[in-house]
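Asker: what follows is a predicted protein model with its sequence.
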Amino acid sequence: MIEFIYSALRWFASLIGQEQTLVDMWEAIRDFLELGGDVVLLIGVLMVFMWILIIERIIYFYTRHNDVVNRTIDAWNARPERKSWHAHRIREEMISEVRLITQQYLDMIRACVALAPLMGLLGTVTGMVQVFEVMAVMGTGNARAMADGVSKATIPTMTGMVAALSGIFISYWLQQKSHNEVQLLGEHMTLDH
């Protein structure tokens, strides 16, 4: 699968005249993945998934959200009666529906942010197990084999932390954006007294 992706990227890079740049970049990524082990690849997949969700939410807020809000406000304003207890419940329902739409995927994004360092910790444990296996078989005299295990222990931790940090601030911003937009909608949906 990875080789297929590499071949497709190489074909595309050759079209735009950047084949050598792509090859150099791909080799650096491959070396990093080999240095950190399989867990780094899993963290990378998790980070790509998280950023797909983040980008989807940003696109939603800047493209479709205003349409959803305008339709909701228009539906509320089209109601002939906005005083009764029943009208208040309908208003709450309409606001809740918009809240659900604005908060879609936010829990999953936060879960990815929390999961990335835990996967890094998994890589740390895996690397340390490798160090202990080398020490059990060869003793403490084989520094090169021990260093390989230590690098496989530290690289996933760093990768998991970077993945989490890359999403934590935007996750908080999306949460605040959702909260503010729902609150603003509630202010626009006036009640008759």
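Answerer: Great, that's in hand.
Asker: check the gap between Gly36 and Lys152 for me.
Answerer: 6 Å (C-beta to C-beta, to the nearest Å). C-beta coordinates here come from the backbone N, C-alpha and C atoms, glycine included.
Asker: which neighbours do these two share?
Answerer: Shared contacts of Gly36 and Lys152 (C-beta atoms under 8 Å, 6 or more residues apart in numbering): Gly123.
Asker: need the contact partners of stretch 162-180.
Answerer: The contact list for stretch 162-180 (C-beta under 8 Å, 6+ apart) reads 43-44, 46-47, 50-51, 54, 57-58, 61, 99, 102-103, 106, 109-110, 112-114, 116-117, 120.
Asker: ranges for the helices of this structure?
Answerer: Taking DSSP state H as the criterion, the chain carries its helices at 2-15, 19-36, 38-63, 65-77, 85-102, 106-138, 143-188.
Asker: residues touching the most centrally placed residue in the chain, list them.
Answerer: What sits nearest the mean C-alpha location of the chain, by C-alpha atoms, centre = their mean, is Met50, with 1.8 Å. Met50 makes contacts with 109, 112-113, 116, 163, 167, as judged by C-beta under 8 Å, 6+ apart.
Asker: so who does the closest residue to Gly37 other than its chain neighbours touch?
Answerer: Distances taken as C-beta to C-beta, 6 or more residues apart in numbering place Lys152 nearest to Gly37, at 4.7 Å, with adjacent residues excluded. Lys152 is in contact with 35-37, 123, 126-127, 130, counting by C-beta under 8 Å, 6+ apart.
Asker: Produce a PyMOL select command limited to the buried residues of those residues.
Answerer: Buried residues within those, by 16 or more other C-beta atoms under 10 Å, are selected in PyMOL with:
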select buried, resi 36+37+123+126+127+130
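Asker: wait, isn't Thr154 in contact with Thr126?
Answerer: No: using C-beta atoms under 8 Å, Thr154 makes no contact with Thr126, being 11.7 Å away.
Asker: quick check: closest non-adjacent residue to Met50.
Answerer: Cys112 (3.7 Å).
Asker: please list all residues in contact with the one you found.
Answerer: Here Cys112 is in contact with 46-47, 49-50, 53, 167 (criterion: C-beta under 8 Å, 6+ apart).
Asker: show me which of these are buried.
Answerer: For the contacts of Cys112, buried by 16+ other C-beta under 10 Å: 46-47, 50, 53, 167.
Asker: please tell me how far the closest residue in space to Val23 that isn't next to it in sequence sits from Met25.
Answerer: Excluding the flanking residues, the one nearest Val23 by C-beta to C-beta, 6+ apart is Arg10, at 7.1 Å. Using C-beta to C-beta, we find Arg10 at a distance of 11 Å from Met25.
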